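Colleague: just a sequence and a predicted model for now, questions to come.
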Amino acid sequence: MHDAIAHPGLVPALLSGYTLSLIVPMLTRVLRQMTGWFLALLPLALFVQFLTMVDEVAKGQILTANIPWVPSLNVNLSFVVDGWGLFLALVVTGMGALVIIYASSYLQGNPAIGRFYTFILIFMASMLVLVLADNIFLMFIAWELTSIASFFLIGFYHEKEKSQKAALQALLVTGTGGLAMLAGFVGLTAVSGTSSFQELHAQAGTLLQSPYYLPILALILLGAFTKSAQFPFHFWLPNAMAGPAPVSTYLHSATMVKAGVYLLGRLQPTLGQSSEWFYIVTIVGAVTALLGAWLSWQKTDMKEILAYSTISALGTLVLLIGIGTELALQTAVLFLLVHALYKGGLFMAAGIIDHETGTRDVRELGGLWRQMPWTFTAVLLAAFSMSGLPPFLGFIGKELMYETTLELSFYSQLLTGVLLLTNILMVTAALILLIQPFFGSPKEAHPHHKTPFNMWLGPVVLGGLALLLGLLASSEAISEALVAPAVSAIAGSELHVHLALWHGLTPMLALSGVTLLGGVGLFVVHTRLQPGVVRLDTAVRRVGPEKWYGWLLDGMLGLAGWFTEKFQNGKLRYYLMYVLVSALVLVGGTLAFRTDIVWEGLELTPLRLPEVILALVLLAAVGVVVRVESRLTAVAALGVVGYSIAVFYILFSAPDLAMTQFAIETLTVILFVLVLYRLPRFDRFSSRHTRVRDGVVAAAVGLLMAGLTLMAQSVHVRGASALADYFIRNTEALAGGHNVVNVILVDFRGFDTMVEITVLSVAAIGVYALLKSRTFNLERAQAEQTAVTEPDPAAEPIAPQKEAV
C-alpha cells in the first residue's frame, strides 16, 4: 500500500500551467479564436498522463517527486500521487479542458479573454499543486494562490460593482480562513515534528493526546469550512455567481470549493479519530446540506439555484467525511465525482441559455427544448443524475448515502432524515432547472442563436459520463481502480470497493422512491409556496451570516479609519515617538521576561581625562541643541555631537569608523544648513506637558540603548549564536580582508548593502523627480498667468462701439 516510486516528470507537469500562462497574451494575438482549443491541449495531456498512473496507484504504489526547497529547515517541494490526490487531479484536468473549450465560445469577442485564459491556467496549476503536495506549507501556498486567482476570475467583469464586491467577499472570507488554517498548520507541525502529510498519520496518537489538539483542529477546520462554503460561511458562494459561467463551472462545481473537502479527507486519518472531529464536522455538514437545499428551490435565477444546491452538496460531502466510516468515505468519494459531473454540465447549460437568450430567470424561459436540442439533452442527463434516477451514477451515490446512515449505531434516524429532506429538495431544484426552461411557457419571446459546438460539447460529455459511469459502476475499472484507491488513501488503510446499480428490494431503494415522490410533489406546488417562504427567508437573512460579514467589514474599515486618523496624522514627531515607544515596549518587555539571560557582572574600566572632557562636551552640545532658538547654532551643536563621537572612535582604536563618522557628519551639517536656511526661526509650538512627555521618552530610549550596549559585554545568553566567532575566523580566510566590519558589510552581507544603496538611490531619484515636477508646475502656472493678463498681439482689435442715443 505504501510502496513509493520516484516520478521525475511529475514536477514539470504540475508547473506547466504556470509556464503556459506566461505566454497566453502572445498566443491570443497569434491564434485568435483557436487559442482556447490550443490551451485545452495542456489539461487534456495532463489528464491522459494522470490516467496512465491509475493502474500503478491501484496496485498500491505511491508516486513521488521531491526537490529541496529550504534544506536548512528540512522543507522540500515534495509531491505525492496517491489514490485521493490522483482522483482530484483527474477531476481538475478533465474539467479544465472542457471549461477552456467552452470559454472560447462563451467569451468570444471579449477583449479580456486573454486575461481569463491566464488566470484559469494559474488556477488549474495551483489546484494540481494543492491536491498533490505532500508538504503542508506547499499545499498552503497553492491554497492561497487559488484564492487569488479566483478573485480575478470572479471579478472578470470588473466594470460591474456587483462583480467587484463578490470577488472581494470571496477573497476576504476564504483568505481569512486560510490564515487561520496556516496557524493550525504551524501548530500541527510543532506538535507532530513533521510537515509531511504522509508522515502525519503515524503521529495521530501524539496529536490526539496533545493539549493543543483542539486549537489546531479548530483553526484547520475554519480554513476548510470557509473554502468549501460551509455554514456560516456559505454566503460568499452564491454571490460569486457574478463571474462568467466558465468560472462558476470550474471553480464552484468541481475544483476550488472541493479544496476544503479534499483537506478534510487528507487529514481524516490524522485528526479524525476523535469525538470533537465527529460532532463538529458532522453537525456543520448536516446544517449546510439542509440549508443549501432549502434555499435552492426558492430561487428563480438558474445560477443561484445551482449555487445553493452546490452548497448543499458540499455540506453532504463534509457530513460523510465527518461520519468517517468506511462506507461513508466510499460514498463521499463517489458523490464528489457525481456532483462534479452533473453540476459542471448544469452550470455550462445555464451559461448557454443566458448567452443565447439574455436571461437566466426560469420564470421568463420556456419551450427551449426545440431550439436547443443539445443543451436540453445535457440538462436532461445532468438533472436525472442530480435527482438520483437509475441507471445514472447519481442513483448509486444516493443509495450509498442512505446505506451509510442506516448502518450507523448512533444518530442513524436523525442523519437519515437530514439526507432524505436534503435529497427531496435537490430533486425539486433539478426539476425546476429542467421543466420550466425547456417545457414551460415563456412570458415573452427571447432572441436565440444557434449554440456553437464548443459550448454544448462540455455539458453533453459530462452528462454522458454520468450515465456511462453509472452503467459501468460495477466494473473494476471504476470501483477498484478509481474509487477504491481514493477511499484507501483517506482511510489510511487498504480497502476494497464494490459498486452496483441493483441491490434488490432494500430500505435504501424505498428511501430513493420516497425522495423522488417528495421532490416531484414539492415541484408541483413550489410556485404557490415560494412567495411566503421567500418572505420568511428574507426576514431571517437580515440578521444572518452575510449581515455579520457586512458588520465586521464596516467595523474593520471604521477601525482602520480611526487608526489612520490618530496615528497617520502627517506629523513626523508623532511618527518618531510611536517608533521609539514601540521599541521601548517590545525590547524592554522582552528583556524583562526572558529567562535565558545570565548576568555575569559588569566590570567598569577607569575613565581617562580625554574621555571625561569629550563626554562633557557632548552633553553640553546636546543641551544647546534642545534649548537654542537659532537654527545655525543648533546645526553647529549637532555637528559637535557627531564629531565628538568620531573622536571617541579614535580613542578606542577604530579609525575606519571615525573616518566614516567625520564624512557623514560633514555632509549632514551641510545639508542641514542648506535646508534650515530657508525655514523660519525655531519657536515653541508645543505645551510644557508635551515637552515633558517627549523628554521622558527620549531619556528612556537613551537608557535602553545604553543598557543594551553594556549588556552586550556583561550578559551571556544561553544558546547564543556563534556569528561573532565565525566572522572573526573567516574574515581573512573566506573574504581576504582584515577589517571585520568592512568585510561584513561588503561580503557576508553584501546583498543587504546593495539593497540599501538601491533604496537610497531610488529615494534620491524620487526626490529629484518631485523637485523637478514642482519647478515645472510653477513655471507652467506662471506662463498661464502671463497669458491671461497680457493681450494676444495676433488677435484682431475690438472696434469701439457707438454710444446709444
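Modeller: Good, I have the coordinates.

Colleague: element containing residue 299?
Modeller: Using DSSP states H and E, residue 299 maps to neither a helix nor a strand.

Colleague: find me the pLDDT at it, would you?
Modeller: pLDDT for residue 299: 91.

Colleague: which residues of the chain fall in strands?
Modeller: Under the criterion DSSP state E, the chain contains strands at 3-6, 61-70, 75-81, 597-599, 715-717.

Colleague: by contact count, what packs against the second one?
Modeller: Same thing as strand 61-70. Counting contacts by 3 or more C-beta pairs under 8 Å, 6 or more residues apart in numbering; DSSP states H and E, strand 61-70 is packed against strand 3-6, helix 10-22, strand 75-81. In this view, the C-beta of every residue, glycine as well, is placed from N, C-alpha and C.

Colleague: mind checking which of those is nearest residue 376?
Modeller: helix 10-22 (33.7 Å; C-beta to C-beta).

Colleague: which residues does that closest one contact?
Modeller: Helix 10-22 is touched from outside by 39, 42-43, 46, 49, 63-65, 67, 77, 79, 81, 117-119, 121-122, 124-126, 128-129, 132, with contacts defined as C-beta atoms under 8 Å, 6 or more residues apart in numbering.

Colleague: so residue 37 sits against residue 104, correct?
Modeller: Yes. Between residue 37 and residue 104 there is a contact at 6.6 Å, judged by C-beta atoms under 8 Å.

Colleague: more crowded one of the two?
Modeller: Shown here are residue 37 and residue 104; by other C-beta atoms under 10 Å, residue 104 has more neighbours (24 against 13).

Colleague: any idea how many residues pack against the residue nearest to that one when sequence neighbours are not counted?
Modeller: Nearest residue to residue 104, sequence neighbours excluded (C-beta to C-beta, 6 or more residues apart in numbering): residue 36, at 2.5 Å. When neighbours are defined as other C-beta under 10 Å, residue 36 has 24 of them.

Colleague: same question, residue 593
Modeller: For residue 593, using other C-beta under 10 Å, the count is 7.

Colleague: how close does it get to residue 190?
Modeller: Distance of residue 593 to residue 190, computed by C-beta to C-beta, to the nearest Å: 21 Å.

Colleague: about what we covered before: now which of the contacts of helix 10-22 would you call buried?
Modeller: Neighbour counting by 16 or more other C-beta atoms under 10 Å classes 39, 42-43, 46, 63-65, 77, 79, 81, 117-119, 121-122, 124-126, 128-129, 132 among the contacts of helix 10-22 as buried.

Colleague: these two touch, right, residue 635 and residue 676?
Modeller: Yes. Contact criterion C-beta under 8 Å: residue 635 and residue 676 qualify, at 6.3 Å.

Colleague: between those two, point out the one with more neighbours.
Modeller: Per other C-beta under 10 Å, whichever of residue 635 and residue 676 has more neighbours is residue 635, with 21 against 15.

Colleague: ok, now which ones touch that one?
Modeller: Counting by C-beta under 8 Å, 6+ apart, residue 635 has contacts 669, 672-673, 676.

Colleague: swap in residue 515?
Modeller: 388, 398, 420, 423-424, 427.

Colleague: format the residues you listed as a markdown table; extra columns: pLDDT, distance to residue 741 and neighbour count.
Modeller: As requested, those are arranged in a markdown table below (pLDDT from 0 to 100; distance: C-beta to C-beta, whole Å; neighbours: other C-beta atoms under 10 Å):
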| residue | pLDDT | distance to residue 741 | neighbour count |
| --- | --- | --- | --- |
| 388 | 92 | 76 | 25 |
| 398 | 93 | 74 | 29 |
| 420 | 96 | 77 | 18 |
| 423 | 95 | 74 | 28 |
| 424 | 96 | 78 | 20 |
| 427 | 95 | 78 | 27 |
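
Colleague: give me the subset of these lying in helices.
Modeller: 398, 420, 423-424, 427 (DSSP state H).

Colleague: would you reformat those as JSON lines and include distance to residue 326?
Modeller: As requested, the ones in helices among the contacts of residue 515 are exported to JSON lines (distance: C-beta to C-beta, whole Å):
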{"residue": "398", "distance to residue 326": "18"}
{"residue": "420", "distance to residue 326": "22"}
{"residue": "423", "distance to residue 326": "22"}
{"residue": "424", "distance to residue 326": "27"}
{"residue": "427", "distance to residue 326": "28"}
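
Colleague: can you pull the buried residues of stretch 281-300?
Modeller: 281-282, 284-300.

Colleague: cool, stretch 176-188 as well?
Modeller: Result for stretch 176-188 [16+ other C-beta under 10 Å]: buried residues 177-178, 180-188.

Colleague: closest to residue 763 among the residues you listed?
Modeller: residue 182 (33.5 Å).

Colleague: ok, the closest one touching residue 136?
Modeller: No. Between residue 182 and residue 136 there is no contact under C-beta under 8 Å: 9.4 Å.

Colleague: what about the longest helix in this structure?
Modeller: helix 750-789.

Colleague: what packs against that helix?
Modeller: Using 3+ C-beta pairs under 8 Å, 6+ apart, helix 750-789 sits against no helix or strand.

Colleague: could you list the buried residues of it?
Modeller: Result for helix 750-789 [16+ other C-beta under 10 Å]: no buried residues.

Colleague: let me see the mean pLDDT of it.
Modeller: Here the average pLDDT along helix 750-789 is 79.

Colleague: to the chain's geometric centre, what's the distance from that helix?
Modeller: 38 Å (C-alpha atoms, centre = their mean, to the nearest Å).

Colleague: can you tell me the centre-most residue of the protein?
Modeller: Against the mean C-alpha coordinate of the chain, by C-alpha atoms, centre = their mean, the closest residue is residue 144 at 3.0 Å.

Colleague: from memory it sits against residue 177, does it?
Modeller: No. In terms of C-beta under 8 Å, residue 144 does not count as a neighbour of residue 177; the distance is 10.6 Å.

Colleague: can you pull the contacts of the closest residue to the residue nearest to the centre of the chain other than its chain neighbours?
Modeller: For residue 144, ignoring the flanking residues on the chain, the nearest one in space by C-beta to C-beta, 6+ apart is residue 178 at 5.4 Å. With contacts defined as C-beta under 8 Å, 6+ apart, residue 178 is in contact with 140, 143-144, 147, 223, 226-227.

Colleague: go on, residue 212?
Modeller: By C-beta under 8 Å, 6+ apart, the residues touching residue 212 are 187, 190-191.

Colleague: export these to JSON lines and tack on pLDDT?
Modeller: Shown next, in JSON lines, are these (pLDDT from 0 to 100):
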{"residue": "187", "pLDDT": "93"}
{"residue": "190", "pLDDT": "91"}
{"residue": "191", "pLDDT": "92"}
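
Colleague: restricted to helices, list these.
Modeller: Secondary structure defined by DSSP H assigns 187, 190-191 of the contacts of residue 212 to helices.

Colleague: quick one, what contacts the residue nearest to residue 427 when sequence neighbours are not counted?
Modeller: In space, and not counting its chain neighbours, residue 427 is closest to residue 519: 2.4 Å by C-beta to C-beta, 6+ apart. Applying C-beta under 8 Å, 6+ apart to residue 519 gives the contacts 387, 423-428, 430-431.
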